[in-house]
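[1] Only the shape, not the letters, is given here:
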């Protein structure tokens, strides 16, 4: 894990799985995500979603792409989300951005309107950075929680089967999933 | 500050042998390249703009001027055809002449480095611009930028040996059902 280039390129598919997990949690918790540390947030997918497997791609553009039947069909075909526009509410701050999963890249980020006078160049930069870092901290924590679950044996044995049920439109055992998640995150 | 100033943007001139130049500029005004402490340091942040200037001569314009110049040379020297070297020299001359009538295109991208967290945010996803900023950042600060990816994010989380091993052998998840979508 010490070679930089190798580290950067290693398992880029994990980014797509992160986006899948965020989508899954957003739906089963009705957008209310609770990272194990730091503030909770509301998060959902909006306006555009691209799913891919090998060379096959499905692009869905509508107000709620995650709710479109084509989205779940794509999951059942083995496609995973590659890019999505996300919307998050952290406290009173509202963010939208496009997440490129394999790079964990944030693009087209919209942060809340600047509150301070634009005339003060220092305040304007601090405020912009504070807001960007606020979102970054939430995403960092969500990634940390996700990777803990992903590396656990229970990912394959318990979490993926629940996700498969969810992808087929069948009820998810939310209580069991939450209990398992809390147990795994506590162990960390 | 000395190192930043040494890599500040230098004007792109018509007679330069290169078609593009890049360097640091003020984050507030990319045309301000006389960088001082107050325009770069914002408490815990180092804030800079990567300025990239490039000569962009429209192809048809260059072609038309080249054709005209070539015809003049052929007539003057009483030749029917120009050699490869003469053509290249003529193109170089025409390009430089056209550059004097144009202004280079300017692009600037913000970079903010939080010195407390050691996280550098760069506000572009263009691959070519990434390569430029990586090279310039490393030349300026003698530090290597580690690009964000699932691998680097997982490593930053602080994985123990067992986690590292588990991460390195992960296989992609699929929610595919037999026969695909119903």
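    Alright, I've got the coordinates. Predicted model, so just to flag it, every value in this text is computed and none were measured. Residues are numbered from 1 along each chain as shown, chains lettered A, B, ... in the order given.

[2] which SS state does residue B:165 fall under?
    Classification of residue B:165 using DSSP: H, G, I helix; E, B strand; the rest coil returns helix.

[3] Distance-wise, check it relative to residue B:157.
    15 Å (Cβ to Cβ, to the nearest Å). The way it works is simple: take the backbone N, C-alpha and C, and place the C-beta from them, glycine included.

[4] How about residue B:3?
    31 Å.

[5] Which of those two has more residues huddled nearby?
    residue B:157 (17 against 11; other Cβ atoms under 10 Å in any protein chain shown).

[6] In contact with the more buried one, which residues are there?
    A:143-144, A:147 (Cβ atoms under 8 Å, 6 or more residues apart in numbering or on different chains).

[7] so who does the closest residue in space to residue B:34 that isn't next to it in sequence touch?
    Excluding the flanking residues, the one nearest residue B:34 by Cβ to Cβ, 6 or more residues apart in numbering or on different chains is residue B:8, at 7.6 Å. Contact analysis of residue B:8 by Cβ under 8 Å, 6+ apart lists B:23-25, B:33-35.

[8] for the record, mean pLDDT for the longest helix seen in chain A?
    Secondary structure of chain A per DSSP state H: the longest helix is helix A:121-151. Averaging pLDDT along helix A:121-151 gives 91.

[9] again with stretch B:38-50
    With pLDDT averaged residue by residue, stretch B:38-50 scores 92.

[10] For it, which outside residues touch it?
    By Cβ under 8 Å, 6+ apart, stretch B:38-50 touches A:122, A:125-126, A:129, B:1, B:4, B:22-28, B:30, B:32, B:35, B:108-116, B:122, B:129, B:132-133, B:136.

[11] Can you get me the centre-to-centre distance for it and its chain?
    When distances are taken as Cα atoms, centre = their mean, to the nearest Å, stretch B:38-50 is centred 19 Å away from the chain's centroid.

[12] Same check on stretch A:27-44?
    10 Å.

[13] in that stretch, what's buried?
    Residues of stretch A:27-44 classed as buried by neighbour count (16 or more other Cβ atoms under 10 Å in any protein chain shown): A:28-29, A:33, A:35, A:41, A:43-44.

[14] ok, so of the residues you listed, who is nearest chain B?
    Sorting the buried residues of stretch A:27-44 by how near they are to chain B, with Cβ to the nearest Cβ, puts residue A:35 at the top with 12.9 Å.

[15] List the residues that contact the residue lying closest to that closest one once chain neighbours are set aside.
    In space, and not counting its chain neighbours, residue A:35 is closest to residue A:141: 3.9 Å by Cβ to Cβ, 6+ apart. Residue A:141 sits next to A:35-38 when contact means Cβ under 8 Å, 6+ apart.

[16] Out of the contacts of residue B:8, name the two that are farthest from one another.
    B:23 and B:34 (12.1 Å; Cβ to Cβ).

[17] Neighbour count: the two, which is higher?
    residue B:23 (22 against 9).

[18] Next, the residue nearest to that one when sequence neighbours are not counted: phi, psi?
    Of all residues not flanking residue B:23 in the chain, residue B:9 sits nearest, at 3.4 Å (Cβ to Cβ, 6+ apart). Backbone torsions of residue B:9, given as degrees, to the nearest 10, read phi -60, psi 130.

[19] Quick one: residues contacting residue B:9.
    Contacts of residue B:9 (Cβ under 8 Å, 6+ apart): B:21-25, B:30, B:33, B:51, B:53.

[20] With residue B:134 instead?
    Counted by Cβ under 8 Å, 6+ apart, residue B:134 has contacts B:145, B:147.

[21] If you count neighbours, what's buried in the host helix or strand of it?
    Using DSSP states H and E, residue B:134 sits within helix B:127-141. Neighbour counts over helix B:127-141 (16+ other Cβ under 10 Å) mark B:129-130, B:132-133, B:136-137, B:140 as buried.

[22] ok, of those residues, which one's closest to residue A:102?
    residue B:130 (14.7 Å).

[23] Would you agree that closest one is in contact with residue B:124?
    Yes. Assessed by Cβ atoms under 8 Å, residue B:130 is found in contact with residue B:124 at 7.2 Å.

[24] before we move on, back to that, touching chain B at all, the helix or strand just after the longest helix of chain A?
    Where DSSP H and E defines the elements, the next helix or strand beyond helix A:121-151 is helix A:154. No. Judged by Cβ under 8 Å from any Cβ of the partner chain, helix A:154 and chain B are separated, with a smallest distance of 12.4 Å.

[25] Quick one: mean pLDDT for helix A:154?
    Mean pLDDT, helix A:154: 95.

[26] So what touches that helix?
    Under Cβ under 8 Å, 6+ apart, the answer for helix A:154 is A:180, A:184.

[27] Perfect, that will be all.
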